[in-house]
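1. give me a model of this one.
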Amino acid sequence: MTRVALRPFALVVPTLLLAGCGGNQNTLAPKSEPAHAISHLWWWTMTGAWIGFAVVCALLFLVWLRRNRTELPVGGNDRAGTAVTHRVCVGLQRGEQLKLRQRAIAATSPPAQRW
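-> Predicted coordinates:
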């Protein structure tokens, strides 16, 4: 083997040795309550990611089925689709701006007095 072929091994072997492989930690069977909570959160996040991936794949399949049509399913043409997409994106942006503004006001305002 040449020196170029050995370079990846020179990086992988020290990484595995320094990573602390081994021990009694088990990702699939957490023992403590915090580890169980993190594992539970991870599996819910993974499920949500798979659902999102399935939705995107379904939408891509629908687009592929409708590839030869010029009008939208609800009527209109490309300009109508662009207008709807623009309005949705602007609405999401405005909502985020309002949320950030409320957080900034809450963080900079003095605490409320309790009587």
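2. helix, strand or coil for residue 111?
-> coil (DSSP: H, G, I helix; E, B strand; the rest coil).
3. for it, grab the count of nearby residues.
-> 5 (other CB atoms under 10 Å). For glycine as for every other residue, the C-beta is placed from the backbone atoms N, C-alpha and C.
4. the chain: strands as residue ranges?
-> In the chain, no strands are defined using DSSP state E.
5. kindly format the C-alpha coordinates of the lowest-mean-pLDDT helix or strand in it as PDB.
-> Lowest by mean pLDDT, DSSP states H and E among the helices and strands of the chain is helix 3-18, with a mean of 75. Listed next in PDB are the C-alpha coordinates belonging to helix 3-18 (Å, rounded to 0.1, in the frame of the first residue of the first chain):
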ATOM      1  CA  ARG A   3       1.400   6.400   1.700                       C
ATOM      2  CA  VAL A   4      -1.700   8.100   0.200                       C
ATOM      3  CA  ALA A   5      -3.700   5.000   0.800                       C
ATOM      4  CA  LEU A   6      -2.600   4.800   4.500                       C
ATOM      5  CA  ARG A   7      -3.500   8.500   5.300                       C
ATOM      6  CA  PRO A   8      -7.200   7.700   6.000                       C
ATOM      7  CA  PHE A   9      -6.200   5.000   8.400                       C
ATOM      8  CA  ALA A  10      -3.800   7.400  10.100                       C
ATOM      9  CA  LEU A  11      -6.700   9.600  10.900                       C
ATOM     10  CA  VAL A  12      -9.300   7.000  11.800                       C
ATOM     11  CA  VAL A  13      -7.300   4.900  14.200                       C
ATOM     12  CA  PRO A  14      -6.300   7.700  16.600                       C
ATOM     13  CA  THR A  15      -9.900   9.100  16.400                       C
ATOM     14  CA  LEU A  16     -11.400   5.800  17.500                       C
ATOM     15  CA  LEU A  17      -8.800   5.400  20.300                       C
ATOM     16  CA  LEU A  18      -9.500   8.900  21.600                       C
END
